[in-house]
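Chemist: Prediction below, plus the sequence it came from.
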Amino acid sequence: MTRLGRLLSSVAALALAGPAVASAAEQTLTFTTGPISVEAYGVAQQPLLAQSPKVDGYVVGMDAEVVDAAGNVQGRDKVMLHHIVFAKVGTRDLTCGTPAERFFAEGEERLALKLPAGHGYPNRATDVWGLLYMLMNHKPQRLNGYIRYTVRYVTGEQLIPVKPLWLDVRNCAGADPVFDVPGGGRQFSTFTKTTDFVMPESGRLVSGGGHLHGGGLRLELRNETCATVPFQSLPTWGGPLPRPVLHEPGPTKMSQFTSAEGIPVAQGDRLRLAAVYENSRLHTRAMGIMLLYLAPAEVRGCGPTPPLDVDLGSPSTPSLFSMPLPRAPRGAIVRNARSTWVGDFRYGAERLELRRGSTFTWRFIGGFQHDVTVIGGPVGFSAPWTLAGSFEHRFTRAGTYRLFCSLHPARMVQQITVK
Ligand SMILES: [Cu+2]
């Protein structure tokens, strides 16, 4: 090789290697949404397009919070972060197959995106992010909340790419993937809701955490093919209770793992997610979600689970909680009606008396979405959020049922006595 040839090849080598080394960096990027107005004692929820890093790189960490106009974090007693889900628009979701890949979410437990060193969620400058939020205001006046999220972002370096694997016991049920724990069981009885998912590819699960609601005991990740339980996410309870009580409080933390070695899963393995709730009390609109990150890799057969680095919190059992109605139901008692309407910010009849065995219908006629949610009584049930149509329930157990609309809990209440 000539001198010029050697020079050119070393320049070429520098050009290839140089920028990658020179610009390898981790940055912390902070994004804040515009104001989100939440009515007094109300709930606001909506999908939004979300700002994202406008350079190719990897997300290596993420968390979100609700702040006020001055940038101060709002506590659970003001505008509370109920749920937030981030998705990459146009990328196929691994479990639902929908064209929005859910890659990060948190709720009251304040789950954060954490990955073991050397791993990242790949993102291109041109990728589009969306977010779906649900905020709850505990104050008697309308307030603005701003969602501020922090992204730890690595550029100029190749990391091991991870894919989000979103397991949900109500998987792909839409924006409100809830189920009802009926309650009424003896002390220490449990209610378990499960879902199965067959792995479309092999790899190592390098991170994961869970989301449960009030009354949750644990969220188990089982590998049915290998007959193992590689991880369970456990709730921590406590902290000040936001007043007025507008929903059954959820865990303040859920345990979360990271592992560079990862939990091996092979293509075709049947994973089962089990959300275990206590069932002596009812727990309506419960959830069971585990968000895992898969580093695709060749895996065959069943391998041992490596030691996991678990951020455990202080797991405890939920205290037995009796949810009061935010206000007293009003009006004369309506006896043996067959139906009532659900309109904008009230139920047609707020006090009802029915005979055991009767079937009762709620007809939705409002211009806004509402629901029917039992928060106390002999058995828990709920109707999904809706604008129209009807919902019916056959009352087979006597007692007093306290109900509200979970979207307008302070305004829409109802009490049904079944004799
Ligand atoms: Cu409502």
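Modeler: It's in.
Chemist: What pairs with the longest strand along the chain, parallel or antiparallel?
Modeler: Taking DSSP state E as the criterion, the chain has its longest strand at strand 143-155. Strand pairing for strand 143-155, using DSSP bridges, gives strand 25-32 (antiparallel), strand 36-38 (antiparallel), strand 57-67 (antiparallel).
Chemist: as a whole number, average confidence for that strand?
Modeler: Averaging pLDDT along strand 143-155 gives 96.
Chemist: Now the element after it, going C-ward?
Modeler: strand 160-161 (DSSP states H and E).
Chemist: Mind giving me the packing neighbours of that next one?
Modeler: strand 119-123, strand 288-296 (3 or more CB pairs under 8 Å, 6 or more residues apart in numbering; DSSP states H and E). For every residue, glycine as well, the C-beta is placed using N, CA and C.
Chemist: so can I have a markdown table of these showing mean pLDDT and mean neighbour count?
Modeler: Shown next, in a markdown table, are the helices and strands packed on strand 160-161 (pLDDT from 0 to 100; neighbours: other CB atoms under 10 Å):
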| stretch | mean pLDDT | mean neighbour count |
| --- | --- | --- |
| strand 119-123 | 98 | 21 |
| strand 288-296 | 98 | 24 |
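Chemist: among those, which is nearest the ion?
Modeler: strand 288-296 (23.9 Å; CB to the ion).
Chemist: that older thread, CA atoms of the longest strand of the chain as CSV?
Modeler: The C-alpha atoms that make up strand 143-155 are tabulated as CSV, following Å, rounded to 0.1, in the frame of the first residue of the first chain:
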residue,chain,number,x,y,z
LEU,A,143,-56.8,22.9,38.2
ASN,A,144,-54.3,22.6,35.4
GLY,A,145,-51.8,19.7,35.4
TYR,A,146,-48.8,19.5,33.1
ILE,A,147,-47.2,16.1,32.4
ARG,A,148,-43.4,16.4,32.7
TYR,A,149,-41.5,13.4,31.6
THR,A,150,-37.8,12.8,31.7
VAL,A,151,-36.0,10.6,29.1
ARG,A,152,-32.4,9.3,29.7
TYR,A,153,-31.1,9.1,26.1
VAL,A,154,-27.9,7.6,24.7
THR,A,155,-26.6,8.6,21.2
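Chemist: Burial-wise, tell me which of the strands paired with strand 143-155 comes out on top.
Modeler: Of all the strands paired with strand 143-155, strand 57-67 carries the top mean neighbour count, a mean of 21, counting by mean count of other CB atoms under 10 Å.
Chemist: got the buried residues for whatever helix or strand comes next after that one?
Modeler: Next helix or strand after strand 57-67 toward the C-terminus (DSSP H and E): strand 79-89. Applying a neighbour-count criterion of 16 or more other CB atoms under 10 Å, one finds 79-88 buried in strand 79-89.
Chemist: Show me the subset of these that also lies near the ion.
Modeler: Counting by CB under 5 Å from the ion, nothing from the buried residues of strand 79-89 sits close to the ion.
Chemist: The ion is nearest to which of the strands paired with strand 143-155?
Modeler: Per CB to the ion, nearest to the ion of the strands paired with strand 143-155: strand 36-38, 14.0 Å.
Chemist: And for that closest one, what's in contact with it?
Modeler: Contacts with strand 36-38, where a contact means CB atoms under 8 Å, 6 or more residues apart in numbering, come from 44, 46, 79, 133, 135-137, 142-147.
Chemist: count of neighbours near the nearest residue to residue 38 once chain neighbours are set aside?
Modeler: Nearest residue to residue 38, sequence neighbours excluded (CB to CB, 6 or more residues apart in numbering): residue 137, at 3.9 Å. Using other CB atoms under 10 Å, residue 137 has 25 neighbouring residues.
Chemist: contacting residues around residue 137?
Modeler: So residue 137 contacts 38-44, 78-80, 143, 145 (CB under 8 Å, 6+ apart).
Chemist: State the pLDDT value of it.
Modeler: 92.
Chemist: what residues does the stretch 301-419 of the chain put near the ion?
Modeler: So the stretch 301-419 of the chain meets the ion at 370, 405, 407-408, 412 (CB under 5 Å from the ion).
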